[in-house]
Structures are given as structure tokens and as C-alpha cells.
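# I'd like to go over a predicted model; first the sequence, then the structure.
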Amino acid sequence: MDTLAEYRRIIRAIIEEYARYKPVNIQSEEEIIFDEVRDHYELMRMGWDGWKRVHASVIHIDIRDGKIWIQHDGTEEGIANELVKAGVPHDHIVLAFKHPDVRQHTDFAVA
């Protein structure tokens, strides 16, 4: 099995699933960004919440050195949990949004 291809497939499926969820009180559109050359994956939300502009990253994931780096996780379930459910080992997931000194206290990879 090609691990990199499998990780790309899993990440794409998770992001595409989250893109289906639409906020109730916000007029928005979701933009999926997949850059498989540089292994950057992102789900952006853009639109309006009344008079307030919404432009936010919902999910941002990179693949670096064979590990999945979660740069931003704006989900309730937790992308790391979704990745584990999909078969990604804990030690291949880095919670990049946590300070490096704190990562050692998680169940996931430090780097």
C-alpha cells in the first residue's frame, strides 16, 4: 500500500465531508483547496454573518515527512479523531496547532 496516496485519499474524503456542512446563520460558501504537489489541504469558509465578513480556515492539514500535520482544526469532532477512525496511526498525526512543548502530553506524534 502506498501510504502517501492513502493519506491523501483520507484527507480529501474528510475535508469533502465537512464541506457539506453549512452553518445555519451564515450565508457562506466553502472552498476546498487541495495542493497535492506540496501536500497542503484546506477547507475555507467565506461569506457574511449579517454585516460581518466571514473568511476563515475550517481545516488546514499538511503532509510532511510521511506524517499528517493538523495546522488548524475548527471542527467539533476533531480531525485527529477522524484520521484515527480512518486508520491513520496516532504516531503519524502531529497536532501542529499545539505548542511543541505541549505535544508530548498528547496521544499523538511530537513532530
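Yep, that arrived.
# go through the chain and flag its longest helix.
For the chain, the longest helix by residue count, based on DSSP state H, is helix 3-19.
# which positions in that one come out as buried?
Tyr7, Arg8, Ile10, Ile11, Ile14, Ile15, Tyr18, Ala19 (16 or more other Cβ atoms under 10 Å). (Each C-beta comes from the backbone N, C-alpha and C, glycine too.)
# mind listing what the first one touches?
Shown in contact with Tyr7 (Cβ atoms under 8 Å, 6 or more residues apart in numbering): Ile63, Ile68, Val88, His92.
# nearest to Lys52, of those residues?
Among the contacts of Tyr7, Ile68 lies closest to Lys52 (Cβ to Cβ), at 32.2 Å.
# quick one: contacts for that closest one?
Tyr7, Ile11, Ile61, Asp62, Leu83, Val88, His92, Ile93, Val94.
# same thing but at 10 Å, please
7-8, 10-11, 39, 41, 61-62, 79-80, 83, 88-89, 92-94, 96, 108-109 (Cβ atoms under 10 Å, 6 or more residues apart in numbering).
# same question for Lys67.
Tyr7, Val88, Pro89, Asp91, His92, Ile93, Val94, Ala96, Phe108, Ala109, Ala111.
# in TSV: these, plus secondary structure, pLDDT and distance to Glu31.
Shown next, in TSV, are the contacts of Lys67 (DSSP: H, G, I helix; E, B strand; the rest coil; pLDDT from 0 to 100; distance: Cβ to Cβ, whole Å):
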residue	secondary structure	pLDDT	distance to Glu31
Tyr7	helix	98	22
Val88	coil	98	24
Pro89	coil	98	30
Asp91	helix	97	31
His92	helix	98	27
Ile93	strand	98	24
Val94	strand	98	24
Ala96	coil	97	21
Phe108	coil	96	27
Ala109	strand	96	28
Ala111	coil	92	29
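# any idea which of the residues you listed is closest to Val54?
Out of these, the member with the shortest distance to Val54 (by Cβ to Cβ) is Ala96, at 23.5 Å.
# my read: that closest one touches Ile79, true?
No. Using Cβ atoms under 10 Å, Ala96 makes no contact with Ile79, being 11.1 Å away.
# between those two, what contacts are shared?
His60, Ile61, Ile68, Ile70, His72, Asp73.
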